[in-house]
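[1] got a structure for you, letters missing:
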DNA sequence: AATCGTTATATCTAATCAAATATAACGCTA
DNA sequence: TAGCGTTATATTTGATTAGATATAACGATT
């Protein structure tokens, strides 16, 4: 068989999406580059989309996930808060565990 | 906290989607009603969309998932093959197991 | 043979979503 | 103070997707 099982997980707050795979990879890129515009370029996303995603995340999360500054050395920048880093870490852990679980499930099913 | 974790699973064949939650609920409605048009109406989907989904499923699956007849008693109809029924059943089982797994995961995380 | 409800299909329109473009504000640096 | 790269935001355009409409084919039933 060449059937494959796939999954996506996301976290909701107030019935609206807070974090999914796309936002997580954007947050990781911000952590790597120190800049929202560089992060967007790195993962092939328009700046506008990246900005509105981060804006939504910060508005819905219980605490800010990123901080940013305008002007100054290098024009400004953005970085993850400690809270943001812990959110990324728990999301990725649960996501990897979910993949492993599903791999196991399909091996035990008729689809093999 | 009022964070909630959600998930979607799907099965791919040749890198294209074969079965997801929407198609599964359509297949279940066909099983209940014995008709593609009634199934579409039942779940609030246009006939055209329902037809093209079922067409894609039957083309990508290793064996037909539905059979259909045109004309005759009641104008015709559609029903699941035994293979189709088993696909629906294994999909739903794995999906429920996945939800339970994720519930457990989030209880063990910092998100609680 | 006329009717009926269904499958099967094409075509056109509407709506939603992504992408591109433009611009203001900001504060360090030279 | 002029320039730079960045954040922050609005507006417009384009593309993809969903929805509506129309129609042919079919075979049991009457």
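    Cool, got the structure. Values in this document were obtained by computation on a predicted structure and should not be read as measured data.

[2] correct me, but residue A:65 touches residue A:84?
    Yes. If you go by Cβ atoms under 8 Å, residue A:65 and residue A:84 touch, sitting 3.7 Å apart. Where C-beta positions appear, they are placed from N, C-alpha and C, glycine not excepted.

[3] Mutual contacts of these two, please.
    Both residue A:65 and residue A:84 are contacted by residue A:27, under the criterion Cβ atoms under 8 Å, 6 or more residues apart in numbering or on different chains.

[4] So which bits of chain A are right by chain B?
    Neighbours of chain B within chain A, by Cβ under 8 Å from any Cβ of the partner chain: A:1-14, A:18, A:62, A:86, A:90, A:93-94, A:97-98, A:101-102, A:105-106, A:109-111.

[5] Try it again at 6 Å.
    Applying Cβ under 6 Å from any Cβ of the partner chain, one finds that chain A approaches chain B through A:3-13, A:90, A:94, A:97, A:101, A:105, A:109-110.

[6] Which strand or helix spans residue A:89?
    Secondary structure from DSSP states H and E places residue A:89 in helix A:82-107.

[7] and that helix, which residues are buried?
    Going by neighbour count (16 or more other Cβ atoms under 10 Å in any protein chain shown), the buried part of helix A:82-107 is A:84, A:87-88, A:90-91, A:94-95, A:97-98, A:101-102, A:105-106.

[8] Let's have those residues in TSV, adding distance to DNA strand C.
    Below are the buried residues of helix A:82-107 laid out as TSV (distance: Cβ to the nearest atom of the strand, whole Å):
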residue	distance to DNA strand C
A:84	22
A:87	22
A:88	21
A:90	25
A:91	20
A:94	23
A:95	20
A:97	27
A:98	23
A:101	28
A:102	25
A:105	29
A:106	29
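
[9] which parts of the longest strand seen in chain A are buried?
    The longest strand of chain A (DSSP state E) is strand A:3-13. Residues A:3, A:4, A:5, A:7, A:9, A:10, A:11, A:12, A:13 are the ones in strand A:3-13 that count as buried (16+ other Cβ under 10 Å).

[10] Partner strands of that strand, with direction?
    As defined by DSSP bridges, the strand partners of strand A:3-13 come to strand A:16-19 (antiparallel), strand B:3-13 (antiparallel).

[11] how much does it deviate in direction from helix A:82-107?
    Relative orientation of strand A:3-13 versus helix A:82-107 (axes from the mean of the first three to the mean of the last three Cα atoms, to 10 degrees): 150 degrees.

[12] So what touches strand A:3-13?
    Residues from elsewhere that reach strand A:3-13 (Cβ atoms under 6 Å, 6 or more residues apart in numbering or on different chains): A:17-20, A:60, A:95, A:98, A:102, A:106, A:111, B:3-13.
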